[in-house]
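1. What follows is a predicted protein model with its sequence.
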Amino acid sequence: MLVLVVLVLLVVAVPLWAAASYNRLVSMRNQVRNGWRQIDVQLKRRHDLIPNLVNAVRGSMDFERDTLTAVMDARSKALTATGPADAAQKEGQLTQALGRLIAVAENYPTLKSNDNVKMLQEELSGTENKVGFARQFYNDIATNYNTAQQVFPANLFATAFGFTAAELFEITAPADRDVPTVDLSRR
């Protein structure tokens, strides 16, 4: 009789556990997707601010056309990013170009006193912080999701049900980790 009770409990418990595990993985996968969308929202805001900043400084920075062009080119490439790895690489290049633009703009007295430029720089700085927080949140939930599907016994069925590891947002190119170098000498 005891064997029959244990067998019935197993027959009931295993499917319940499997359903709960499946639902947990679906929930976590959706959190990962939402986390990526939150990064996307902040990147869109960043991409929208950049042309305004470039236009605000364009007239005062006639001899810095290369810097402005580099920012707009990097922005165009960043807009085409697909997935966390590609976005990390392209956004890293955009961050470097923006860093050079802001550093160069700091050396123009008319720009330093221009309220529009100050406001745009502050908004861009705030957006950069939000992007950083969104990336950190995404990586945290993606790591939790990846761990949940890789631990035993969930790993026995996760792949069979189409769960795949979430790609983490990381900087892979060593050059993207470098602090931008700004040369203000007029040659």
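-> That came through, no problem. Residues are numbered from 1 along each chain as shown.

2. which residues touch Ala128?
-> For residue 128 the amino acid is Glu, not Ala. Neighbour list for Glu128: Arg46, Thr95 [criterion: CB atoms under 8 Å, 6 or more residues apart in numbering]. Yep, even glycine has a C-beta here, placed from its N, CA and C like the rest.

3. Distance of it relative to Gln89?
-> Using CB to CB, to the nearest Å, we find Glu128 at a distance of 17 Å from Gln89.

4. On the three-state scheme, Leu120 is what?
-> Here Leu120 is recorded as helix under DSSP: H, G, I helix; E, B strand; the rest coil.

5. Can you give me the pLDDT of it?
-> Per-residue confidence (pLDDT) for Leu120: 78.

6. give me the number of residues near it?
-> 21 (other CB atoms under 10 Å).

7. which one is the residue sitting nearest the centre point of the chain nearest to, not counting chain neighbours?
-> Closest to where the C-alpha atoms of the chain average out (CA atoms, centre = their mean) is Arg135, at 4.3 Å. Leaving aside its chain neighbours, Arg135 sits nearest to Phe169 (4.8 Å; criterion: CB to CB, 6 or more residues apart in numbering).

8. Ramachandran coordinates for the one you found?
-> Backbone torsions of Phe169, given as degrees, to the nearest 10, read phi -90, psi 110.

9. can I assume it is in contact with Tyr138?
-> Yes: between Phe169 and Tyr138 there is a contact under CB atoms under 8 Å: 5.7 Å.

10. circling back: residue contacts, the residue nearest to Arg135?
-> Phe169 makes contacts with Ile39, Pro84, Ala85, Ala87, Ala88, Arg135, Tyr138, Asn139, Ala142, as judged by CB under 8 Å, 6+ apart.

11. make it 10 Å
-> The contact partners of Phe169, by CB atoms under 10 Å, 6 or more residues apart in numbering, come to 35-36, 39, 83-85, 87-88, 91, 131, 134-136, 138-139, 142.

12. now for the residues you listed, which pair is the farthest apart?
-> Maximum pairwise distance among the contacts of Phe169 (CB to CB): 17.6 Å, between Gly83 and Gln136.

13. which one of these two has more residues nearby?
-> Gln136 (13 against 10).

14. low pLDDT regions in this structure?
-> 59-64, 111-113, 171-187 (pLDDT under 70).

15. same thing but at 80, please
-> Along the chain, the parts satisfying pLDDT under 80 run over 54-66, 104-118, 120-121, 169-187.
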